[in-house]
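# Build me a model:
(one chain, ligands or ions: 1)
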Amino acid sequence: MSKLWGGRFTKETNKLVEEFTASISFDQKLAIEDIDGSLAHVHMLGACQIIPLEDVEKIKEGLNEIKVSVLKGEVEFLVEHEDIHMNVEKLLIEKIGPVGGKLHTGRSRNDQVATDMHLYLRNKTIELIQLVKEVQQAILSQAKENIETLIPGYTHLQRAQPVSFAHHLMAYFWMFERDKERLQDSLKRVNWLPLGAGALAGTTFPINRQLVAEQLGFNTVYPNSMDAVSDRDFILEFLSIGSIIMTHISRLSEEMVIWSSQEFQFIELDDSFCTGSSIMPQKKNPDVPELLRAKTGRTYGNLIGLLTVLKGLPLAYNKDMQEDKEGMFDTVETLEGSLQLLAPMIETMTVKKDVMRKALNQDFSNATDIADYLVTKGLPFRDAHEVIGKIVLYSIQHNKFLLDLSIEEYQQFSSLFEKDIFVILSPEHVVSARNSYGGTSPAQVKEQINLADDKLANS
Ligand code: ARG
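Residues are numbered from 1 along each chain as shown. Next comes the predicted model:
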């Protein structure tokens, strides 16, 4: 079948070239957006009296029928028609005859493809915001159950100070809150309409871009036609946000892998989220968080890939830009799959409160509090730090923890110690004493959870 652009050619396209340059194998994912863009475009062509209204009606009818067939999965897209835009146009002409050829008046595939991707990313961004919210909801429910559950807090993966497990989990709630805000904010730029830019310089027809923008729900029309067809920032922005989201997912997944190990045993993942070993019958492997951690890599790759494609590209459209799609689809699908799994995995995990609490009897994570104790008795913090360092060393040498020492032993290091030190040293006290705004005390964690509830309800 002849090419839509075949007029100036004297030879058939080499088959390998046809396959190499075609994008239909992947850009068919844009079929619905492509048709919706065409419907708005042809409506405008009619409203501006660029083509007769009866032709507009025929084209709309044809496009709507194609849309139904696409949704039913009945359409076969062909490599010889190269991409989704020309496949749809060919289908339209086959269906309604040569009048279908009027659809492409005053536009180019360059503004068309950019419009399709804006529409696609808008839909996906809205869907992903919802999926992020579901993860936040799962975190919030676990947090509400674990306000008083104590766990060692770490720095350098060394025991640092005890914290509420809810507090630890809620740290991720806020990361996802910022991710959601980033996605929401990006919609401002996704909602710029490229259509009407033509190939690069605008069009000779008296089009009304504002009308198309209204039809498609865009807030802004690109004010520069060359920018409109060359801009892929909106995809780069999405890929960056996607990479940040995956980084957060990966960090949480890593914690889940560690927490569910034999060495920690702080949580147990639900059987339905784990797999076994083909040789070691005792194994229950955390494959899901491991894969979530690993899939982060491909989203970084997609970002770096597109940055590299765009770097050094002269204006305006270049075929290089066709390489923007597969990475974008891949990041969208990776995010969808990952967020969908993460929420129920968090919801169904068992929190082993006793193991977490017992761990705190076996460490020095209350040491800062004895230093603070001496400070309240008038000792400068630096001197207190030195005294406690010595007490910790003494305890290690005598195989004891801070709660095991007697008041006489404490008094050997400073006469400021009194019996109330033992109240101060309990992990419960250590945690509830950290009552500064944003701290880990139960009162602060409750306040944080209330704020989180409000955020979720109002987003
Ligand atoms: N398939 C092309 C792409 O995705 C559509 C635009 C083609 N434009 C052109 N001038 N060859 O980039």
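# does Met246 belong to a helix or a strand, and which?
For Met246, the element it lies in under DSSP states H and E is helix 233-259.
# what comes up buried for stretch 56-69?
56, 58-60, 62-63, 66-67 (16 or more other Cβ atoms under 10 Å). Bear in mind the C-beta positions are built from the backbone N, C-alpha and C, glycine included.
# neighbouring contacts of that stretch?
32, 35, 38-39, 42-43, 45-46, 75, 88, 91-92, 95-96, 99-100, 102-103 (Cβ atoms under 8 Å, 6 or more residues apart in numbering).
# model confidence over that stretch, on average?
Averaged across stretch 56-69, pLDDT comes to 98.
# same question, stretch 114-132
98.
# what about that stretch and the ligand, touching?
No - Stretch 114-132 lies apart from the ligand when judged by Cβ under 6 Å from any ligand atom; the minimum separation is 8.5 Å.
# Counting neighbours, what do you get for the residue of the stretch 351-459 of the chain found nearest the ligand?
In the stretch 351-459 of the chain, the residue found nearest to the ligand is Ser459; the distance is 33.5 Å by Cβ to the nearest ligand atom. When counting by other Cβ atoms under 10 Å, one arrives at 13 neighbours for Ser459.
# Next one: it from Ile139, what distance?
Plainly put, Ser459 is 14 Å away from Ile139 if you go by Cβ to Cβ, to the nearest Å.
# returning to that earlier point: ok, so of the buried residues of stretch 56-69, who is nearest Ala371?
Lys67 (69.3 Å; Cβ to Cβ).
# name the element that closest one belongs to?
helix 53-71.
# Which strands and helices lie in contact with the longest helix that the chain contains?
In the chain, taking DSSP state H as the definition, the longest helix is helix 109-145. Using 3 or more Cβ pairs under 8 Å, 6 or more residues apart in numbering; DSSP states H and E, the elements in contact with helix 109-145 are helix 31-47, helix 84-96, helix 165-190, strand 192-193, helix 225-230, helix 233-259, helix 325-348, helix 442-457.
# excluding its backbone neighbours, what's nearest Lys180?
Excluding its sequence neighbours, the residue lying closest to Lys180 (Cβ to Cβ, 6 or more residues apart in numbering) is Val132, at 4.8 Å.
# Compute the number of surrounding residues for the one you found.
Val132: 23 neighbours (other Cβ under 10 Å).
# Surely it and Gly242 touch.
No - with contact defined as Cβ atoms under 8 Å, Val132 does not reach Gly242; the gap is 11.0 Å.
# give me every residue that touches the residue in the stretch 201-350 of the chain positioned nearest to the ligand.
Closest residue of the stretch 201-350 of the chain to the ligand, Cβ to the nearest ligand atom: Gln322 (3.6 Å). By Cβ under 8 Å, 6+ apart, the contact set of Gln322 is 23, 83.
# Please tell me how far it sits from Thr115.
Gln322 is 15 Å from Thr115, by Cβ to Cβ.
# Need the per-residue pLDDT for the residue nearest to Leu310 when sequence neighbours are not counted.
Leaving aside its chain neighbours, Leu310 sits nearest to Arg232 (5.8 Å; criterion: Cβ to Cβ, 6+ apart). As predicted, Arg232 sits at a pLDDT of 98.
# go on, the one 10 residues further on?
In the prediction, the pLDDT value recorded for Gly242 is 98.
# Now do the contacts for Pro98.
Counting by Cβ under 8 Å, 6+ apart, Pro98 has no contacts.
# Can you pull the residues of the stretch 201-350 of the chain lying near the ligand?
317, 319, 321-322.
# ok, 5 Å please
Within the stretch 201-350 of the chain, the residues that sit near the ligand (Cβ under 5 Å from any ligand atom) are 321-322.
# so where's the stretch 201-350 of the chain shaky on pLDDT?
The stretch 201-350 of the chain contains no residues with pLDDT under 70.
# can you map out the strands along the stretch 351-459 of the chain?
Counting by DSSP state E, counting those that start in this stretch, the stretch 351-459 of the chain has no strands at all.
# count of neighbours near Gly438?
11.
# Quick check: phi and psi at it.
Per-residue torsions, Gly438: phi 80, psi 0 (degrees, to the nearest 10).
# Can you give me the neighbour number for His167?
His167, neighbours per other Cβ under 10 Å, totals 26.
# mind listing what it touches?
Contacts of His167 (Cβ under 8 Å, 6+ apart): 440, 445, 448.
# export the residues you listed to CSV and tack on neighbour count and distance to the ligand?
As requested, the contacts of His167 are exported to CSV (neighbours: other Cβ atoms under 10 Å; distance: Cβ to the nearest ligand atom, whole Å):
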residue, neighbour count, distance to the ligand
Thr440, 26, 51
Val445, 27, 49
Gln448, 23, 46
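# nearest to His248, of those?
Nearest member of the contacts of His167 to His248, counting by Cβ to Cβ, is Gln448, at 17.6 Å.
# show me what contacts the closest one?
Contacts of Gln448 by Cβ under 8 Å, 6+ apart are 167, 170, 438.
# In contact with the second one: list those residues for me.
Okay, so that is Met170. So Met170 contacts 139-140, 143, 445, 448-449, 452 (Cβ under 8 Å, 6+ apart).
# same thing but at 6 Å, please
Going by Cβ atoms under 6 Å, 6 or more residues apart in numbering, Met170 touches 143, 448.
# And the pLDDT at it?
98.
# the helices in the stretch 351-459 of the chain, which residues?
Here the stretch 351-459 of the chain has its helices, by DSSP state H, counting those that start in this stretch, at 353-359, 367-376, 381-397, 407-413, 421-424, 427-432, 442-457.
# So what touches the first one?
Translated: helix 353-359. Contacts of helix 353-359 (Cβ under 6 Å, 6+ apart): 149-152, 265-266.
# how close does the residue nearest to Lys180 sit to Gln184?
10 Å.
# again, but for Asp36
On the measure of Cβ to Cβ, Asp36 and Gln184 end up 22 Å apart.
# who's more crowded, those two?
Ranked by neighbour count (other Cβ under 10 Å), Asp36 and Gln184 place Asp36 first, with 18 against 13.
# which non-adjacent residue is nearest Asp330?
Once flanking residues are discounted, Asp330 sits nearest to Asn302: 5.7 Å by Cβ to Cβ, 6+ apart.
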